[in-house]
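S.K.: Predicted model and sequence below, questions to follow.
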Amino acid sequence: MTTTPARATYLISGATLPNGARADLLVQDARITAVGTNLDEGLGITTIDADGLVALPGLVDLHTHLREPGFEQSETVLTGSRAAAAGGFTSVFAMANTMPVSDTAGVVEQVQALGDAAGYATVRPIGAVTVGLAGERLSEIGAMAHSRAQVRVFSDDGKCVHDSLLMRRSLEYVRTFDGVVAQHAQDPRLTENAQMNEGALSSELGLKGWPAVAEESIIARDVLLAEHVGARLHVCHVSTAGSVEVIRWAKSRGITVTAEATPHHLLLTEDLIRSYDARYKVNPPLRRDEDVQALREGLADGTIDIIATDHAPHPKESKEAEWDAASFGMVGLESALSVAQTALIDTGLLSWADLARVLSQTPAEIGRLADHSHDFEVGAPANVTLVDPANSSTFDLGRLAGKSTNSPYLGRTLSGRVEYTFHHGYPTVRAAQVAPSDEIAAQAEAWKASN
Amino acid sequence: MRHLLSTRHLSRDAAIQILDIAEDMAEVSNREVKKLPTLRGKTVVNLFFEDSTRTRISFEAAAKRLSADVINFSAKGSSVSKGESLKDTAQTLAAMGADGVVIRHQSSGAPQLLAETGWIDAPIVNAGDGTHEHPTQALLDAFTMRRRLFGTTGGTSGTTGGTSGTNGGSRGRDLDGISVVIVGDILHSRVARSNLWLLETLGAHVTFVAPATLVPFGADTWPAAISYDLDQTLAEVKPDVVMMLRIQSERMNAAFFPNAREYAREWGLDDVRFQALAPDTIVMHPGPMNRGLEISAAAADSAQSTVLEQVTNGVSIRMAVLYLLLSGDREALL
């Protein structure tokens, strides 16, 4: 076993911080204990040569499907958080559409405990807004908020809280616990059996259209409801140019709305569906190039607050099927940072500081994840991701670390590669290799004991 | 040509080659012994995930006239209804040594999946997939138009027989300048789509007529004129061909139009509209017809109607397609 000392000290030497400054970072007892130049390599310190690597605060994903309990053939908390580590994430928010649904304190505490034991990332469960995601009555939001899991994000993701009165009540009730409703904006009637973005291409391919208005109309209603009751609203996976406009308008009115875009909606377009390859089947669907550009601009001007992966693992048989029969969703944790660099840094739209904001600091704020993200101040929690921005390579199976392989990027050239991920001060990824799970479990145990 | 999946990606030369070979096949069908030995020893599988007796027996007749063995695989009552995947079905057929697969599937893109995944290495013929394409229907429609317009003799084949044409025969001809009006449920129609792409390739002008609810979203970018008004279109276009599409009764329940009476009144080829057509306007319908709904009995049974010719020609077209895909070195052909 290649276990490193449980409380090892690391000197990250010569990293480039998000603001462009070059610095050494000393990682000790799960904290960044020194930031400076020419820090001493003292005895027993493991030095990591970070020359040419960009250091980011550990990435935080507000939208992950870990599938456990219930769908362990697709992913488990362990394998999903391992995928997170591979992608540079140190925290993931696990969506509620498990089986049983995460709509009780028991289930969310179970998910959190599995995450703590695995140790690859800080797992924060998301609670269901309604019982069984059925959209009929509120789940025990208070019990989940006050449980050991301290749930602050509530979502029926996969299903839209489409009943207007229920959405109003949800916004109000969740506000009681300083939580936020993360809405999957999809009018169910306008999208019955919908398969891909509605447009000339869906008509040509004979796949039932998923109109942009089905998303935009729900967002418009929800921001007005949020304004009316004075509550926070978070919009999941915004996918259309019209949605960006509605949110921009809402923010200009002072409505407290935040929004996320997924990596795939920032890079891929509906044209890929000409192949009928179900790897490209996702909810919401891939849209037009105009939509991709609008989402990128929305991120650049702050209309869209964060990038969230909507990591959605599925077993092979769910994707090796005719388009109508295949499942919606793609894995995204392992590729997110590379996609973000390719779509946003390489195009000059965002800086590394912006990326630190949209992939770490702001998602942590929205999710009320305390003491996790940072701006490399001394004393900050040692959740750190080191990425080699100069590495441009073909994304292949070797990059995937979860249980499922339904990535739309396989065979595609992407920029950047995660070289190291530190969670609570211990490396979950070293030299682009994910550390073994028994080692990480031991590290997590040691971290827990010292807290 | 390795597979026939669509007309969208069929070149003009390949289309005309199929139409010309179908002329040869039509002559075979007129003989006393309606059979060629071409595909003797080959096995054609009709893989039908969706019921369509007409299309299946047309392919079956075509394969048998080429002396192929035919296996009909109907998804109903088979392992498919017990949850077998398309992949397993395809691999099973491959293991049985199918030389060609004719597939009808309710999911758009299923034939393309069979052609591109490597689950089976046989030529694939799309016999209708979802609301995507139905290429042999479009080919038989074009073949029917060409025969009506240009007759059946002439050209290069050197064979005899068939009725005499007035314009020097069909062989080698495209449909340059011909105007075709397609009326009805364009939204759900793979026939309309396949016809549009093929007719455009062959030089014809297509007008779609339908209520706005049954026009595909974004069809304004397609190479077709779009109209909501049948009377005005018939008066202005003076079409060479009017093609009526079948209206499915379940569309009425989904608010595409109020009821059959209103549909027939606005978009049906009733007696008045039929009589106002030029006497040489061809009336087509892919069948099965709803008499009295989208087409009146008088129009359907008139001399201008090609409904039964379309059925006959369907066999010739499917013979031509199977011949091209299954005989000899298919890579060397167009």
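M.R.: Structure's in. What do you need?

S.K.: contacts and neighbour counts: CA atoms only from here.
M.R.: OK.

S.K.: got the buried residues for stretch B:50-64?
M.R.: B:50, B:55, B:56, B:58, B:59, B:60, B:61, B:62, B:63, B:64 (16 or more other C-alpha atoms under 10 Å in any protein chain shown).

S.K.: wait, what's in contact with the residue lying closest to residue B:296 once chain neighbours are set aside?
M.R.: Of all residues not flanking residue B:296 in the chain, residue B:270 sits nearest, at 4.9 Å (C-alpha to C-alpha, 6 or more residues apart in numbering or on different chains). Residue B:270 makes contact with B:264, B:292, B:294, B:295, B:296, B:299 under the criterion C-alpha atoms under 8 Å, 6 or more residues apart in numbering or on different chains.

S.K.: please redo it, this time with the cut-off set to 10 Å
M.R.: Counting by C-alpha atoms under 10 Å, 6 or more residues apart in numbering or on different chains, residue B:270 touches B:264, B:291, B:292, B:293, B:294, B:295, B:296, B:297, B:298, B:299, B:300.

S.K.: Among the residues you listed, which ones are in helices?
M.R.: B:264, B:297, B:298, B:299, B:300 (DSSP state H).

S.K.: now, which of the residues you listed sits nearest residue A:350?
M.R.: residue B:264 (57.8 Å; C-alpha to C-alpha).

S.K.: List the contacts of that closest one.
M.R.: B:247, B:270, B:292, B:293, B:294, B:295, B:296.

S.K.: try 7 Å
M.R.: Residues near residue B:264 by C-alpha atoms under 7 Å, 6 or more residues apart in numbering or on different chains: B:293, B:294.

S.K.: And it, how far from chain A?
M.R.: Distance of residue B:264 to chain A, given as C-alpha to the nearest C-alpha, to the nearest Å: 25 Å.

S.K.: and residue A:116, how many neighbours?
M.R.: Neighbourhood size, residue A:116 [other C-alpha atoms under 10 Å in any protein chain shown]: 20.

S.K.: What residue spans form the domains of the chain?
M.R.: Looking at chain A here, since you left the chain open. Split into domains by automatic domain parsing, chain A comes to A:9-55+A:379-391+A:416-449, A:56-366.

S.K.: that answer is for a different chain, and I need it for chain B
M.R.: With automatic domain parsing as the criterion, the domains of chain B are listed as B:12-134+B:312-326, B:137-306.

S.K.: I'd like the average pLDDT over the longest one.
M.R.: Computed over domain B:137-306, the mean pLDDT rounds to 91.

S.K.: How about stretch B:110-122?
M.R.: Average pLDDT, stretch B:110-122: 95.

S.K.: How about stretch B:94-104?
M.R.: Stretch B:94-104 comes out at a mean pLDDT of 95.

S.K.: which residues sit against it?
M.R.: Here stretch B:94-104 makes contact (C-alpha under 7 Å, 6+ apart) with B:42-50, B:111, B:120, B:122-129, B:326.

S.K.: Intersect these with the contacts of chain A.
M.R.: Among these, none lies close to chain A by the criterion of C-alpha under 7 Å from any C-alpha of the partner chain.

S.K.: Sitting in strands, which of these do you find?
M.R.: Those of the contacts of stretch B:94-104 mapping onto strands are B:43, B:44, B:45, B:46, B:47, B:48, B:124, B:125, B:126, B:127, B:128, B:129, per DSSP state E.

S.K.: can you pick the most crowded of the residues you listed?
M.R.: Busiest of these [other C-alpha under 10 Å] is residue B:128, holding 32 neighbours.

S.K.: List the contacts of that one.
M.R.: Going by C-alpha under 7 Å, 6+ apart, residue B:128 touches B:104, B:105, B:134.

S.K.: nearest to residue B:87, of those residues?
M.R.: Closest to residue B:87 out of those is residue B:105 (13.4 Å), distances taken as C-alpha to C-alpha.

S.K.: residue contacts, the closest one?
M.R.: Contact analysis of residue B:105 by C-alpha under 7 Å, 6+ apart lists B:48, B:49, B:50, B:128, B:129, B:130.

S.K.: how about 6 Å then?
M.R.: Applying C-alpha atoms under 6 Å, 6 or more residues apart in numbering or on different chains, we find residue B:105 in contact with B:49, B:50, B:129.

S.K.: residues contacting whichever residue of the stretch 301-450 of chain A sits closest to chain B?
M.R.: When distances are taken as C-alpha to the nearest C-alpha, the stretch 301-450 of chain A reaches nearest to chain B at residue A:322, 5.3 Å away. Residue A:322 makes contact with residue B:110, according to C-alpha under 6 Å, 6+ apart.

S.K.: Please identify the helix or strand for residue A:92.
M.R.: strand A:89-94 (DSSP states H and E).

S.K.: Which strands border that strand, and is each parallel or antiparallel?
M.R.: Looking at strand A:89-94 with DSSP bridges, its partner strands are strand A:59-64 (parallel), strand A:122-125 (parallel).

S.K.: coming back round to it: quick check on the residue of the stretch 301-450 of chain A closest to chain B: phi, psi?
M.R.: Torsion angles at residue A:322 (phi, psi; degrees, to the nearest 10) stand at phi -60, psi 150.

S.K.: do the one 4 residues further on as well
M.R.: Main-chain dihedrals, residue A:326, degrees, to the nearest 10: phi -80, psi 160.

S.K.: for the one 4 residues further on, same thing?
M.R.: According to degrees, to the nearest 10, the main-chain angles of residue A:330 amount to phi -140, psi 150.

S.K.: Against residue A:108, how distant is the spatially closest residue to it that is not a sequence neighbour?
M.R.: Sequence neighbours aside, residue A:312 is the residue nearest to residue A:330 in space, at 5.0 Å (criterion: C-alpha to C-alpha, 6+ apart). Residue A:312 sits 19 Å away from residue A:108, going by C-alpha to C-alpha, to the nearest Å.

S.K.: Return the residues of chain A in contact with chain B.
M.R.: Applying C-alpha under 6 Å from any C-alpha of the partner chain, we find that chain A lies next to chain B at A:199, A:200, A:203, A:205, A:206, A:276, A:322, A:324.

S.K.: Out of those, list just those in strands.
M.R.: Among those, no member lies in strands (by DSSP E).

S.K.: Among the residues you listed, which are located in helices?
M.R.: Counting by DSSP H, the residues of chain A next to chain B place A:200, A:203, A:205 in helices.

S.K.: got a list of what the first one touches?
M.R.: Pointing back at residue A:200 there. By C-alpha under 6 Å, 6+ apart, the contact set of residue A:200 is B:218, B:219.

S.K.: Which residue, other than its chain neighbours, is closest to the spatially most central residue of chain A?
M.R.: Nearest to the centroid of the C-alpha atoms of chain A, with distances taken as C-alpha atoms, centre = their mean, sits residue A:61, at 2.6 Å. Nearest residue to residue A:61, sequence neighbours excluded (C-alpha to C-alpha, 6+ apart): residue A:92, at 4.7 Å.

S.K.: If the one you found is in a bridge, with which residues?
M.R.: Residues in a beta bridge with residue A:92, per DSSP bridges, are residue A:61, residue A:123.

S.K.: Report how many residues lie close to whatever residue of the stretch 151-300 of chain B ends up closest to chain A.
M.R.: In the stretch 151-300 of chain B, the residue found nearest to chain A is residue B:218; the distance is 4.0 Å by C-alpha to the nearest C-alpha. Look at residue B:218: counted by other C-alpha under 10 Å, it has 14 neighbours.
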